[in-house]
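Trainee: build me a model:
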Amino acid sequence: MSEDHHGYSEEDVQREVTELEAKSATAARIFDLRRIIGGLFVLYGIIVTIAGINPSDATLDKAEGININLWTGLGMLLLGIFFLTWLKLRPTVPPTPPAENEHPQ
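Mentor: Numbers count the residues shown, from 1 in each chain. Modelled structure (predicted):
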């Protein structure tokens, strides 16, 4: 076991690097834009769909008889489900850092 001038062994440094890579992978999954966009579209889609289930006559008259809230809400739900399904089928893989041995000196 070799130590550098700060008293850290190579094993300690490697363990720290491994922990940071695991945290980076977790952060990449949590902050994937597909998760955020999909979640928001599903949430707002549910709200707009509920608003469109029982429309008032005034709302239907404004939209020339089309229940815009219902159709928009269902479209938002489908788009949100698409993003979340895409995330599930193709998860984000964080890039691997280059190994130290790959760089010629």
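Trainee: can you list the weak-confidence ranges in this structure?
Mentor: 1-7, 22-30, 94-105 (pLDDT under 70).
Trainee: residues in contact with G45?
Mentor: G73, L74, G75, M76, L77, L78, L79, G80 (CB atoms under 8 Å, 6 or more residues apart in numbering). For every residue, glycine as well, the C-beta is placed using N, CA and C.
Trainee: so what's the residue count around the last one?
Mentor: Counted by other CB atoms under 10 Å, the residues lying close to G80 total 20.
Trainee: now swap in the second one and tell me
Mentor: L74 has 15 neighbours, counted by other CB under 10 Å.
Trainee: which non-adjacent residue is nearest it?
Mentor: T49 (5.9 Å; CB to CB, 6 or more residues apart in numbering).
Trainee: if I look at the one you found, how far off is M76?
Mentor: 8 Å (CB to CB, to the nearest Å).
Trainee: quick one, phi psi at the residue nearest to L74?
Mentor: Per-residue torsions, T49: phi -60, psi -40 (degrees, to the nearest 10).
Trainee: that one and L79, how far apart?
Mentor: From T49 to L79 the distance is 12 Å (CB to CB).
Trainee: would you turn the contacts of G45 into a markdown table with secondary structure and distance to D57?
Mentor: Converted to a markdown table, those look like this (DSSP: H, G, I helix; E, B strand; the rest coil; distance: CB to CB, whole Å):
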| residue | secondary structure | distance to D57 |
| --- | --- | --- |
| G73 | helix | 19 |
| L74 | helix | 21 |
| G75 | helix | 23 |
| M76 | helix | 24 |
| L77 | helix | 25 |
| L78 | helix | 27 |
| L79 | helix | 29 |
| G80 | helix | 29 |
